[in-house]
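Asker: heads up, no residue letters with this:
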Ligand SMILES: NC(=O)C1=CN([C@@H]2O[C@H](COP(=O)(O)OP(=O)(O)OC[C@H]3O[C@@H](n4cnc5c(N)ncnc54)[C@H](OP(=O)(O)O)[C@@H]3O)[C@@H](O)[C@H]2O)C=CC1
Ligand SMILES: CC(=O)N[C@@H](CCC(=O)OP(=O)(O)O)C(=O)O
C-alpha cells in the first residue's frame, strides 16, 4: 500500500512537470498581449489548485495506507495451550490481524516453536507473562485460559479493547448455575458468542467483551436450535450424546489422556453432571422461549480432535423427516460455516478438521417419535479458536469469515 502511495506521488510529480512545460510553452514574449497574461495566471491558479487537491488526497491516501499497513493487533493469553495454539495458526493466515503479545504460564520464556512446532513463522517469538498483555496495546485480546483465570486478566485491559474469552467464565447468565458447574465465584456475564443464533451477530458486533461457547455446546446448540425454533420438537426431554477427541481436555498431562489409555477405547464421563449442560440449556432455552430440559452424555474418543454429537428431541405432531431437513436448511441458508449435508449423507468429524465448519444432518425416527440431528465440528476450530476469531472479526468490523475456512483437511 505504501508503494501504491509512492507510485501515486511519482505520477503526480510527472503531471506537474507536464503542466509546467505547457505553461512555459504558452508563455508569450515581453510584448505579449494582456489576455495571454490572464490566461497564464488562470492556468497557474488551476494548476496550483489541482496540486493542492492532489497533495490533500495523497496525504489522506497515505493515512489510509499506514492504517491498513499497521492492521489490527491481537494478543493471546494462554497462547501455549491447544486453543491458543490453534488461534495462532489461524491468526498467522489472517489478512488483517497481526500477532502481538503471547502470554503463557509455565511456558513463559520458552520459544513459541518449542511448544507449537507446527508454526515456524513464529520462530524468534517467546512466551511472555500475562502482565505484558496490558502493556501491549492490542486491539483485541483472546483469553484461552483454564476456568477461573479469565476475569483477573480481563480486569487489567482497558474497556476499549475487544476481549474474546474461549473459556467458560463469562458464558452463563445465572451466577448460581455457574457456581454449581464450575465452583468459585461467578465473574460476570458477557455477550454469548455463537453468531448463528438468532440476533447474535448484531449483539456480538456491538460488544467489547464476548464469551465464546464451549465445544460441546456449539455442536449441540446448532443441531437442536432450528428444531426448537420451528416447533418440531418438545422443549422437554432433549438428549445429546457427543464424542470428543482428547484435545478437548487441553494440553496438560492427565493419566486418562495417555495414548495407552485412550487408544482403542471409548468411554463416557461426567455422565449427567457435565459442566456444559447448563450452557446448552441456557442457549436452547433462549431459542425455544421457554426452559428446556436436556440429558447430556459426553464420550471420550481416541482421536486428537473432532466432535460428533447425536442430538434428539420428542417430535411434535406432524413432524416428519422432510420438516426436520427443511428446518435445518432454512435456518442455515447463507451461513458461511454451517453446512446441511445432502439428504442421506451423515456428518464425519474428520471432515471438519482444521476448519471452522459445522456439518449437520437430520431425520425423524418414527419408531421412537424423535427428531434426530447429528452435528460434527472440530473442537479446536468452530468449538474454540475458529469461533473466537469469527466473533473477533464481527467485533472489529472485519469480514466475518476473514482468516477462516469451511474446508477441512483430509484424510
Ligand atoms: N480444547 C478445546 O477443545 C476447547 C477449550 N476451550 C477452553 O479454552 C480454554 C483453554 O483451553 P485449552 O487450550 O484446551 O487448555 P490448555 O490446557 O491446552 O492450555 C491452557 C493455557 O493456559 C495457560 N495457563 C494455565 N494456567 C494458567 C494460569 N493460572 N494463569 C495464566 N495462564 C495459565 C497455559 O500456560 P502454560 O502451558 O504455559 O502453563 C496454557 O497456555 C479453557 O478454558 C478451555 O476450557 C473451549 C472450547 C474448546
Ligand atoms: C474431552 C474433554 O475432556 N473435553 C472437555 C471439554 C472442556 C472444554 O472445552 O471446556 P470449555 O469449552 O467449557 O471451556 C470436558 O469434557 O471437560
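Answerer: Arrived safely. Fair warning: this is a prediction, and the values are worked out from it, not measured in the lab. Residues are numbered from 1 along each chain as shown. Ligands and ions are numbered 1, 2, ... in the order given.

Asker: For the residue nearest to residue 395 when sequence neighbours are not counted, give the beta-bridge partners.
Answerer: Closest residue to residue 395 apart from its sequence neighbours, by C-beta to C-beta, 6 or more residues apart in numbering: residue 162 at 4.5 Å. Bear in mind the C-beta positions are built from the backbone N, C-alpha and C, glycine included. Beta-bridge partners recorded for residue 162 (DSSP bridges): residue 140.

Asker: any idea where the strands of the stretch 51-200 of the chain begin and end?
Answerer: Remark: strands assigned in the stretch 51-200 of the chain by DSSP state E, counting those that start in this stretch are 72-77, 97-103, 140-143, 162-165, 191-192.

Asker: contacting residues for the residue in the chain that ligand 1 sits nearest to?
Answerer: Closest contact between the chain and ligand 1, by C-beta to the nearest ligand atom, is at residue 81 (2.0 Å). Counting by C-beta atoms under 8 Å, 6 or more residues apart in numbering, residue 81 makes contact with 104, 144-145, 250-251.

Asker: now those residues in TSV, with pLDDT and neighbour count?
Answerer: Formatted as TSV, the contacts of residue 81 follow (pLDDT from 0 to 100; neighbours: other C-beta atoms under 10 Å):
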residue	pLDDT	neighbour count
104	98	24
144	98	30
145	98	25
250	98	15
251	97	17
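
Asker: before we move on, back to that, how about CSV for the strands of the stretch 51-200 of the chain, with mean pLDDT, distance to residue 125 and mean neighbour count added?
Answerer: CSV is the format used below for these (pLDDT from 0 to 100; distance: least, C-beta to C-beta, whole Å; neighbours: other C-beta atoms under 10 Å):
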stretch, mean pLDDT, distance to residue 125, mean neighbour count
strand 72-77, 97, 11, 25
strand 97-103, 97, 6, 22
strand 140-143, 98, 16, 27
strand 162-165, 98, 21, 26
strand 191-192, 98, 30, 22
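
Asker: Need the ones you listed in JSON lines (columns: distance to residue 228).
Answerer: Shown next, in JSON lines, are the strands of the stretch 51-200 of the chain (distance: least, C-beta to C-beta, whole Å):
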{"stretch": "strand 72-77", "distance to residue 228": "35"}
{"stretch": "strand 97-103", "distance to residue 228": "35"}
{"stretch": "strand 140-143", "distance to residue 228": "30"}
{"stretch": "strand 162-165", "distance to residue 228": "26"}
{"stretch": "strand 191-192", "distance to residue 228": "16"}
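
Asker: quick one: which of those is nearest ligand 2?
Answerer: Of the strands of the stretch 51-200 of the chain, nearest to ligand 2 by C-beta to the nearest ligand atom is strand 162-165, at 9.1 Å.

Asker: Give me the helices and strands touching the closest one, please.
Answerer: The contact analysis (3 or more C-beta pairs under 8 Å, 6 or more residues apart in numbering; DSSP states H and E) places strand 162-165 against strand 140-143, helix 150-155, strand 209-211, helix 386-396.

Asker: one more time with 10 Å, if that's ok
Answerer: Packed against strand 162-165 by the contact rule (3 or more C-beta pairs under 10 Å, 6 or more residues apart in numbering; DSSP states H and E) you find strand 72-77, strand 140-143, helix 150-155, strand 209-211, helix 386-396.

Asker: Show me what from the protein comes close to ligand 2.
Answerer: Contacts of the chain with ligand 2, taken as C-beta under 6 Å from any ligand atom, map to 167-168, 214-215, 244, 248-249, 276, 298, 300.

Asker: switch to 5 Å and redo it
Answerer: 167-168, 214-215, 244, 248-249 (C-beta under 5 Å from any ligand atom).

Asker: Quick check: pLDDT value at the spatially closest residue to residue 295 that is not a sequence neighbour.
Answerer: Closest residue to residue 295 in three dimensions, ignoring its sequence neighbours and counting by C-beta to C-beta, 6+ apart: residue 239, at 4.9 Å. On pLDDT, residue 239 comes in at 98.

Asker: does any part of the strand or helix carrying residue 239 sit near ligand 1?
Answerer: Under the criterion of DSSP states H and E, residue 239 resides in strand 238-244. No. Applying C-beta under 5 Å from any ligand atom, one finds strand 238-244 separated from ligand 1 by no less than 7.6 Å.

Asker: Settle this for me: residue 173 is touching residue 281, isn't it.
Answerer: No. Contact between residue 173 and residue 281 fails when scored by C-beta atoms under 10 Å: they sit 11.2 Å apart.

Asker: The two: who's more crowded?
Answerer: residue 281 (22 against 15; other C-beta atoms under 10 Å).

Asker: Check which helices and strands the host helix or strand of the more buried one is in contact with.
Answerer: Under the criterion of DSSP H and E, residue 281 resides in helix 277-288. Applying 3+ C-beta pairs under 10 Å, 6+ apart, one finds that helix 277-288 contacts helix 175-182, strand 191-192, helix 215-229, strand 238-244, strand 294-300, strand 307-314.

Asker: now the angle from that helix to strand 294-300?
Answerer: 130 degrees (axes from the mean of the first three to the mean of the last three C-alpha atoms, to 10 degrees).

Asker: Figure out how far helix 277-288 is from the centre of its chain.
Answerer: Relative to the centre of its chain, helix 277-288 is centred 21 Å away, using C-alpha atoms, centre = their mean, to the nearest Å.

Asker: What mean pLDDT does it get?
Answerer: Helix 277-288 comes out at a mean pLDDT of 98.

Asker: what about residue 379, distance to residue 220?
Answerer: Note on residue 379: its distance to residue 220, by C-beta to C-beta, to the nearest Å, is 12 Å.

Asker: Give me the below-cutoff pLDDT ranges for the stretch 1-150 of the chain.
Answerer: Where the stretch 1-150 of the chain drops to pLDDT under 70, the residues are 1-70.

Asker: What distance do you get for the residue in it that ligand 2 sits nearest to to residue 190?
Answerer: Among all residues of the stretch 1-150 of the chain, residue 147 sits closest to ligand 2, at 6.6 Å; criterion: C-beta to the nearest ligand atom. Going from residue 147 to residue 190 by C-beta to C-beta gives 14 Å.
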